[in-house]
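[1] compute the structure for the input listed below.
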Amino acid sequence: MAQQHDVSVGQPTVIGGNCRLVGELYLEGSAIIHGRIEGQIEVSETLEIGEGGVVSGTIRAGAVAVHGRVEGEVYCADALHLCSTANLAGDVYAAAFSAEEGATCRGQVVIGQQAVAAAQASRAASRGAPPAAEEESVAGHIEQASETAVSTSSNAARSLLRRRPSLLTGGARNAAG
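    Below you'll find the model as predicted:
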């Protein structure tokens, strides 16, 4: 009897450059986006947005690396890394944050453990809690957020994301071909 092998295990879902998705996207595992997504994205592990990728909407993920453009809120349970070509317009809630020289970020950046709690509250709210509960929970955590240093060196990015090495390999650029 032939053995069955699941090739999707450990492989990220790739949204190609010729794809435009409008709506909600929920993925277990990791994803790389080269196309355009308008709406909510929830990825359980790592999300990479390629240089040509555009996301207009709320992102919830374990870790996020942006090479392209994001317009909307970003909630990261782990780390957000903005590559030199990144353009982010929206509020960020992440355990850790790093940006390379040349990256653009416009919005409020909340980092630290309170931001992680805000991300978790947002994820819970997106799965059925009433919107008012989400606003109260997130606002409460933001008010308590302590000051945390923001790093802009590539070495700091590597340190922050060492548990998510695919974010720093240029995988989003190389996967496009």
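
[2] phi, psi for the closest residue to residue 109 other than its chain neighbours please.
    Using CB to CB, 6 or more residues apart in numbering and skipping the chain neighbours, the partner closest in space to residue 109 is residue 92 (4.6 Å). Quick note: C-beta positions are derived from backbone N, CA and C, even for glycine. Reported as degrees, to the nearest 10, the phi and psi values for residue 92 are phi -120, psi 130.

[3] what do you get for residue 85?
    On the backbone of residue 85 - angles per degrees, to the nearest 10 - the values are phi -90, psi 0.

[4] surely residue 103 is in contact with residue 86?
    Yes. The pair formed by residue 103 and residue 86 meets the contact definition of CB atoms under 8 Å, at 4.3 Å.

[5] neighbour count winner among the two?
    Neighbours were counted for residue 103 and for residue 86 using other CB atoms under 10 Å; residue 86 has more, 22 against 18.

[6] from residue 124, how far off is that one?
    Counting by CB to CB, to the nearest Å, the separation of residue 86 from residue 124 is 28 Å.

[7] over to residue 16?
    Distance from residue 16 to residue 124, counting by CB to CB: 31 Å.

[8] repeat for residue 117
    From residue 117 across to residue 124, the span is 11 Å (CB to CB).

[9] who has more neighbours, the two?
    More crowded of residue 117 and residue 124, by other CB under 10 Å: residue 117, with 20 against 13.

[10] so that one sits in a strand?
    No. Residue 117: not assigned to a strand; according to DSSP: H, G, I helix; E, B strand; the rest coil it is helix.

[11] in the protein, which spans are helices?
    If you assign secondary structure with DSSP state H, the helices in the chain sit at 113-126, 131-144, 154-160, 171-174.

[12] show me what contacts the residue lying closest to residue 94 once chain neighbours are set aside?
    Spatial nearest neighbour of residue 94, excluding adjacent residues (CB to CB, 6+ apart): residue 76 at 3.8 Å. Listed by CB atoms under 8 Å, 6 or more residues apart in numbering, the contact partners of residue 76 are 61-64, 92-95, 119.

[13] ok, now with 10 Å
    Applying CB atoms under 10 Å, 6 or more residues apart in numbering, we find residue 76 in contact with 46-47, 59-64, 92-97, 111, 115-116, 119.

[14] same question, residue 107
    Taking CB under 10 Å, 6+ apart as the test, what residue 107 contacts is 70-74, 88-92.

[15] compare these and tell me which is most surrounded.
    Most neighbours among these, by other CB under 10 Å: residue 70, with 30 neighbours.
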